[in-house]
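Participant: next input, structure requested:
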Amino acid sequence: MSTDVTTAAPPAQPLERRTEITLGRNLSRALCVAVPILIWFAPFDIGSTTKQGLAITSFMIMAWITEVMDHAVSGLIGCYLYWALKVVPFDVAFTGFANDTAWFLFGAVLFGAMATKSGLARRIAFVVIKRVGNTYSRILLGLIITDFLLTFLVPSGIARVVIMAAIALGLIEAFNAGPGSNIGRGMFLIITYSAGIFDKMIIAGAASITARGGIEKFGGVDVLWSKWFFAYLPCDVVTILIAWRLTLWLYPPERSGLAREAGYIETELRKMGSWTLLEKRTALLMSSAIVLWLTDFLHHVSPSVIGLGIGLLAVVPGIGVLNAEDLKRVNYLPVFFVGSAISMGEVLVRTKGLDLLTKVMFAWMEPLLTNIWSSTVVLYWTGFVYHLFLASEVSMLGTSVPLLMNFAKSRGLDPLAVGMVWTFASAGKIFAYQSTVLLVGYSYGYFRGKDLFRIGLWLTAVESVLLLLLVPFYWPLLGI
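Facilitator: Predicted coordinates:
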């Protein structure tokens, strides 16, 4: 499908505005260099390897936040510096590229290419519009609800984003919109961000499953799927409504509906005619992936293996729908971004930088955990800040939950409540590098980092308020 939004040249910006942008970029570049150098040579009483690892990590995080260069480029530079400056060996510095998540993302990109080239995305989009209505508002709400319901069926945020993206691509085309439009940004932002949130309110994704195991093992308490679900059920409902209205407010559509004559949807569906061979092949491949994801409790095959396998099958001559020319047009930079982000987390673990951050975190928290109100706020926002230093929710929870459970038991706190709040805190994100689910949505090119920062900051704040209502008043009714 066409992704051109306009061919007109952008209007010239005033001199003052151009000067402001240039100064901002130069300041960002200076900070990305100065801060790592200061950390590298600072007289901190920690091991040299730990300090050097933190210095390079600070460069990567600041470069990603300020977007002084492409995320993939700054990530690769960081991995190179880990290796070239002998902070860690090569296999540790680039360990993220041997992680299945980065290559699952590659498979996800191929899914989007399949759905677009075959026309299946467009066909699905018109069927969805016919069911929920042809206004942007109704379609947006339909996408959020569908994303939530799929959480029960597809236990992978990445897989759900891929499925929803195929629908969103067709819907965006039906609106004659594209990357950069409010319609495109709104749809992709909400299906991406909500997928990450719902994964924490239901024990369905890898992060919540990891947290559950850690709470049971190190906290010594049973974690029931049903109790977790009902504990966050009110939050699910409110989040769906708030995310919907927030997206409409932040990204008002260029047009509220398709603005076509009555019967336009039926006319377009008739024009498409019967299913083409490419559509049938695409539907068969994607349906196979969905069935395998839904039945993983039987075969226990990783969602990453399924996603990449089906994606590669799509380029096999005679079976798939993509060819060499299609592969040349694929954007591979997100794969390098994911690989470098995961590598950063592993380097922090190997250099003991993560241990240092964890000790600082618990030392800061302890004096503030005086009652249920302060404990909820402090745990949530500390978990949010802690997650800024790790690009993987699984790494964040896997490394911190054991320490958190020991901390809770030694202070007489309820391990289950503490663990659930901490897990929920990992849903709050403002930068793409913090989650592979966000990276998948980001890779489609329909929103930028500043868009994710805006909606992420709002939803993170809203979720913290909802948690303050749930934990003191509702959770005790469930025995938490």
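Participant: rest of the way, CA atoms for contacts and neighbours
Facilitator: OK.
Participant: starting at the chain centroid, how far to the one helix or strand Val335 maps to?
Facilitator: Using DSSP states H and E, Val335 sits within helix 333-350. With C-alpha atoms, centre = their mean, to the nearest Å as the basis, helix 333-350 stands 15 Å off its chain's centre.
Participant: now the helix or strand following that helix, how far from the chain's geometric center?
Facilitator: The first helix or strand that comes after helix 333-350 along the chain, using DSSP H and E, is helix 353-365. Offset of helix 353-365 from its chain centre (C-alpha atoms, centre = their mean): 25 Å.
Participant: contacts for helix 353-365 next, please.
Facilitator: For helix 353-365, contacts defined as C-alpha atoms under 8 Å, 6 or more residues apart in numbering pick out 50-51, 53-54, 348-349, 378-379, 382, 386, 400.
Participant: coming back round to it: which of the residues in the helix holding Val335 are buried?
Facilitator: Within helix 333-350, the residues scored as buried using 16 or more other C-alpha atoms under 10 Å are 334-350.
Participant: ditto for stretch 94-104
Facilitator: 94-97, 100-104.
Participant: do stretch 443-458 as well
Facilitator: Buried positions in stretch 443-458, judged by neighbour count with 16+ other C-alpha under 10 Å: 443-449, 451-453, 455-456, 458.
Participant: mean confidence (pLDDT) on it, please.
Facilitator: Across stretch 443-458, pLDDT averages out at 89.
Participant: could you do stretch 332-343 as well?
Facilitator: Rounded mean pLDDT across stretch 332-343 is 79.
Participant: how about stretch 140-155?
Facilitator: For stretch 140-155, the per-residue pLDDT averages 79.
Participant: need the CA coordinates for it. CSV is fine.
Facilitator: The C-alpha trace of stretch 140-155 is given here as CSV (Å, rounded to 0.1, in the frame of the first residue of the first chain):
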residue,chain,number,x,y,z
LEU,A,140,-10.3,2.9,17.8
LEU,A,141,-12.4,1.6,20.7
GLY,A,142,-12.9,-1.7,18.7
LEU,A,143,-9.1,-2.1,18.3
ILE,A,144,-8.5,-1.6,22.1
ILE,A,145,-11.2,-4.1,23.1
THR,A,146,-10.0,-6.6,20.5
ASP,A,147,-6.4,-6.2,21.8
PHE,A,148,-7.7,-6.9,25.4
LEU,A,149,-9.7,-10.0,24.4
LEU,A,150,-6.8,-11.4,22.4
THR,A,151,-4.7,-11.3,25.6
PHE,A,152,-6.6,-14.4,26.8
LEU,A,153,-6.0,-16.2,23.5
VAL,A,154,-2.5,-15.1,22.4
PRO,A,155,-0.1,-15.1,25.4
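Participant: sorry, back to before: nearest to His300, of the buried residues of stretch 443-458?
Facilitator: Proximity of the buried residues of stretch 443-458 to His300 (C-alpha to C-alpha) peaks at Ser443, which lies at 27.4 Å.
Participant: show me what contacts the closest residue in space to that closest one that isn't next to it in sequence?
Facilitator: Spatial nearest neighbour of Ser443, excluding adjacent residues (C-alpha to C-alpha, 6 or more residues apart in numbering): Pro334 at 5.8 Å. Contacts here follow C-alpha under 8 Å, 6+ apart; on that basis Pro334 touches 72, 105, 439-440, 443.
Participant: what about Pro334, distance to Ser74?
Facilitator: Separation of Pro334 from Ser74 (C-alpha to C-alpha, to the nearest Å): 12 Å.
Participant: got it, and Leu322?
Facilitator: On the measure of C-alpha to C-alpha, Leu322 and Ser74 end up 30 Å apart.
Participant: could you do Ala168 as well?
Facilitator: Per C-alpha to C-alpha, Ala168 is found 30 Å from Ser74.
Participant: rewinding a little: most neighbours of all the contacts of helix 353-365, which one?
Facilitator: Gly53 (29 neighbours; other C-alpha atoms under 10 Å).
Participant: okay, that residue: pLDDT?
Facilitator: Model confidence at Gly53 (pLDDT) stands at 93.
Participant: element containing it, please.
Facilitator: helix 48-66.
Participant: which SSE is immediately downstream of that helix?
Facilitator: Where DSSP H and E defines the elements, the next helix or strand beyond helix 48-66 is helix 71-84.
Participant: got the angle between that next one and helix 333-350?
Facilitator: 40 degrees (axes from the mean of the first three to the mean of the last three C-alpha atoms, to 10 degrees).
Participant: buried residues in helix 71-84?
Facilitator: Under the neighbour-count criterion of 16+ other C-alpha under 10 Å, helix 71-84 has 71-76, 78-83 buried.
Participant: what's the closest of these to Phe111?
Facilitator: Among the buried residues of helix 71-84, and counting by C-alpha to C-alpha, the member closest to Phe111 is Ala72, at 20.9 Å.
Participant: without its sequence neighbours, what residue ends up closest to the closest one?
Facilitator: Phe337 (4.0 Å).
Participant: okay, now the domains of this structure?
Facilitator: The chain breaks down into these domains under automatic domain parsing: 19-93, 100-334, 350-436+451-478.
Participant: related to what we said a few turns ago, of the buried residues of stretch 94-104, which belong to strands?
Facilitator: Using DSSP state E, no member of the buried residues of stretch 94-104 falls within strands.
Participant: from the residues you listed, which one has the minimum pLDDT?
Facilitator: pLDDT across the buried residues of stretch 94-104 is lowest for Thr101, at 67.
Participant: just say helix, strand or coil for the closest residue to Val161 other than its chain neighbours.
Facilitator: Closest residue to Val161 in three dimensions, ignoring its sequence neighbours and counting by C-alpha to C-alpha, 6+ apart: Thr192, at 5.9 Å. Of the three states, Thr192 takes helix according to DSSP: H, G, I helix; E, B strand; the rest coil.
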